[in-house]
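A.B. asks: Okay, here's the prediction I keep looking at, along with the sequence it came from:
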Amino acid sequence: MSQVFDVLVIGAGPGGYIAAIRAAQLGFQVACAESSSYDDPKGEPRLGGTCLNVGCIPSKALLSSSEEYEKITHAAEHGIQVGSVSVDIKKMLQRKDEIVTKMTGGIQFLFRKNKITTLKGHASFLGKTADGFQIKIAGKTNETVMAKQVIIATGSKARHLPGIKVDNLLVCDNEGALKFDSLPKRLGVIGAGVIGLELGSVWRRVGAKVTVLEALPQFLGAVDQGVAKEAQKIFTKQGLDIQMGVKIESVKTDKKGVQVHYLDSTGKAQTLECDRLIVSVGRVPNTDGLGLAAIGLKPDERGFIPIDEHTCATAVAGVYAIGDVVRGPMLAHKAEDEGVLVAELMAGQKPHIDYNCIPWVIYTDPEIAWVGKTEEQLKSAGRSYKVGQFPFAANGRALGMARGDGFIKILADEKTDEILAVHIVGANASDLIAEAVVAMEFKAAAEDLARICHPHPSLSEVMREAALATDKRALNM
Ligand code: FAD
Ligand code: NAI
């Protein structure tokens, strides 16, 4: 007789593991299946998904290390003289690996604490019986389990380009790019999106000459263009060579490295010679071998599992799908919130997610963060809005930190003053944006932010000044 669980979660990324914990907190008997071992020394499946193993956490660890290095090289600005500075790439990577191991181990602990069964192996639907869904777990040992309800949280994987072989040694997606064993003197990046800019920044800071090749003519097209233009200016000044409007023709590798043949924005044939290449051109949902057909489900034409907009329920009663494998931004916190939502729905609660209030952060330096619509989106929706913008250069704390670059921009409804969006390019944007998210979740007006006392001196005063600026009454400018 197979084991029967109330809830089986497929995938232990941020969507899946959080859904499993919340479901267990609500009294369900829960199992979570995970197939990927990533780089586990024993080849055992590791919890945490893309985010903990080959995404958010390792990339931010490397970003922090490279930021420390860059800070030291700029110490003279503060009157601090340092001798020659060098970076030990192996040590930097070892530190990153230790953080990943600690975090994934932390989820094992949380699973034990919440009495969640970990099923080690690839899960696929076999069918449905009166007792629930029949699911095969193919791992070191094969087993079949039953579940009354299932949450699909199988995430996403890197999109590769036709004809460009990713070996994760010379030509890398996010997995290989997070484990370079030495500094590539010349690094090529295809795609000036979030991964390209974050990982490009890591390797530029520690000494690589980085060239980013982007197909679209517009830099960071999904970002508010005021912010995108400011960011492009700063990144270029830092030394990132960003080439827009290119067409990649072919990629070749040999003993000398990688050659990328492409047409530049004028149509002229060019070759980029580099030691390593990162291909970061987006991600695709993961439904490989999931056996969806066995329960009558089918991905849409882009590979995503279709769901109800508000409940994440699929067309099959009792089966939900969350995170990167469904529509919406591919972000860990979005996946987590959907995990909580589904678990609470299963328990008869009435949770809700306001997708307009999901923040985005790009962890470059300066960071870029936003919540709500861009000016371009508001314009095309015909919404009347007012703008309040305030520069970090006019903030004492920012100057003390030698971080006067960038600004905060608040977009508020012309008539009601409701905050419609907040866009930040500047130091600590990832933390500053949280205040904007709270404000928008509570449907605050710009006047509310403007009237709230903010600590002095702090970067958060720029938020208040931007709110005041929507009413043309910034105090320090
Ligand atoms: P995933 O994290 O992809 O997890 C899905 C898991 O399911 C995987 O472990 C997979 O092995 C497993 N699985 C798949 N199929 C099966 C199966 N059939 N049986 C068993 N297991 C299966 N987002 C942010 O919000 N902030 C960031 O800073 C950030 N940085 C990133 C940096 C990089 C380099 C990358 C690549 C991504 C980053 N992301 C970031 C995106 C974030 O990682 C994803 O949005 C998030 O991990 C999605 O969570 P998920 O649970 O939906 O899926
Ligand atoms: P992306 O969608 O952010 O950027 C991909 C870029 O590649 C785009 O600018 C696109 O125009 C370009 N591109 C596509 N095809 C191309 C081609 N043939 N030649 C040249 N350029 C091409 O995707 P990315 O960077 O791979 O990241 C995937 C996702 O992972 C992100 O969208 C995000 O959801 C998530 N992520 C989130 C992070 C964060 O929250 N800080 C960090 C890293 C990833």
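C.D. replies: Cool, got the structure. Numbering: from 1, shown residues only. Ligands and ions are numbered 1, 2, ... in the order given.

A.B. asks: Every contact and neighbour count from this point should use C-alpha atoms.
C.D. replies: Will do.

A.B. asks: got the contact list for residue 248?
C.D. replies: 215, 260-263 (Cα atoms under 8 Å, 6 or more residues apart in numbering).

A.B. asks: Now tabulate these in a markdown table and tack on distance to residue 137, secondary structure and pLDDT.
C.D. replies: As requested, the contacts of residue 248 are exported to a markdown table (distance: Cα to Cα, whole Å; DSSP: H, G, I helix; E, B strand; the rest coil; pLDDT from 0 to 100):
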| residue | distance to residue 137 | secondary structure | pLDDT |
| --- | --- | --- | --- |
| 215 | 41 | coil | 98 |
| 260 | 41 | strand | 98 |
| 261 | 44 | strand | 98 |
| 262 | 44 | strand | 98 |
| 263 | 47 | strand | 98 |
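
A.B. asks: Most neighbours out of those residues, which is it?
C.D. replies: Of all those, the highest neighbour tally under other Cα atoms under 10 Å goes to residue 260, namely 21 neighbours.

A.B. asks: That one and residue 270, how far apart?
C.D. replies: Residue 260 is 8 Å from residue 270, where distance means Cα to Cα, to the nearest Å.

A.B. asks: With adjacent residues omitted, what lies nearest to residue 465?
C.D. replies: Among residues not flanking residue 465 along the chain, residue 474 sits closest, at 5.2 Å (Cα to Cα, 6 or more residues apart in numbering).

A.B. asks: Is the one you found in contact with residue 462, as I believe?
C.D. replies: No: using Cα atoms under 8 Å, residue 474 is not in contact with residue 462, being 9.7 Å away.

A.B. asks: Return the distance of the residue in the stretch 151-300 of the chain that ligand 1 sits nearest to relative to ligand 2.
C.D. replies: When scored by Cα to the nearest ligand atom, the stretch 151-300 of the chain has residue 155 as its residue closest to ligand 1, at 3.1 Å. Here the distance between residue 155 and ligand 2 works out to 11 Å (Cα to the nearest ligand atom, to the nearest Å).

A.B. asks: list the contacts for residue 392?
C.D. replies: Counting by Cα under 8 Å, 6+ apart, residue 392 makes contact with 398-399, 403-408, 426, 459, 462.

A.B. asks: and the two most separated of the residues you listed?
C.D. replies: By the measure Cα to Cα, 399 and 408 form the most distant pair in the contacts of residue 392, at 15.2 Å.

A.B. asks: ok, the two, which is more surrounded?
C.D. replies: The neighbour comparison of residue 399 against residue 408 (other Cα under 10 Å) goes to residue 408, with 28 against 14.

A.B. asks: before we move on, what SS does the more buried one have?
C.D. replies: strand (DSSP: H, G, I helix; E, B strand; the rest coil).

A.B. asks: Residue 460 is in contact with that one, correct?
C.D. replies: No: using Cα under 8 Å, residue 408 is not in contact with residue 460; the gap is 9.8 Å.

A.B. asks: what comes into contact with the strand ranked longest in the chain?
C.D. replies: With secondary structure taken from DSSP state E, the chain has its longest strand at strand 142-152. With Cα under 8 Å, 6+ apart as the test, strand 142-152 has contacts from 2-11, 16, 131-137, 318-322.

A.B. asks: Also stretch 59-78?
C.D. replies: 81-82, 85, 87, 92-93, 95-96, 99, 178, 198-199, 201-203, 205-206, 363-364.

A.B. asks: avg pLDDT for it?
C.D. replies: The pLDDT scores in stretch 59-78 average 95.

A.B. asks: could you dump stretch 405-417 to CSV, C-alpha only?
C.D. replies: Below are the C-alpha coordinates for stretch 405-417, written out as CSV (Å, rounded to 0.1, in the frame of the first residue of the first chain):
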residue,chain,number,x,y,z
ASP,A,405,24.5,58.5,-7.4
GLY,A,406,20.9,57.9,-8.5
PHE,A,407,17.5,59.0,-7.3
ILE,A,408,14.1,58.0,-6.0
LYS,A,409,11.0,58.7,-8.2
ILE,A,410,7.5,58.5,-6.9
LEU,A,411,4.5,58.4,-9.3
ALA,A,412,1.2,59.4,-7.7
ASP,A,413,-2.3,59.7,-9.0
GLU,A,414,-2.9,63.3,-10.2
LYS,A,415,-6.2,63.6,-8.4
THR,A,416,-6.3,61.2,-5.5
ASP,A,417,-2.5,61.4,-4.6
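
A.B. asks: Next, count neighbours for the residue in the stretch 1-150 of the chain that ligand 2 sits nearest to.
C.D. replies: Residue of the stretch 1-150 of the chain nearest ligand 2, by Cα to the nearest ligand atom: residue 56 (6.2 Å). Residue 56 is flanked by 15 other residues according to other Cα under 10 Å.
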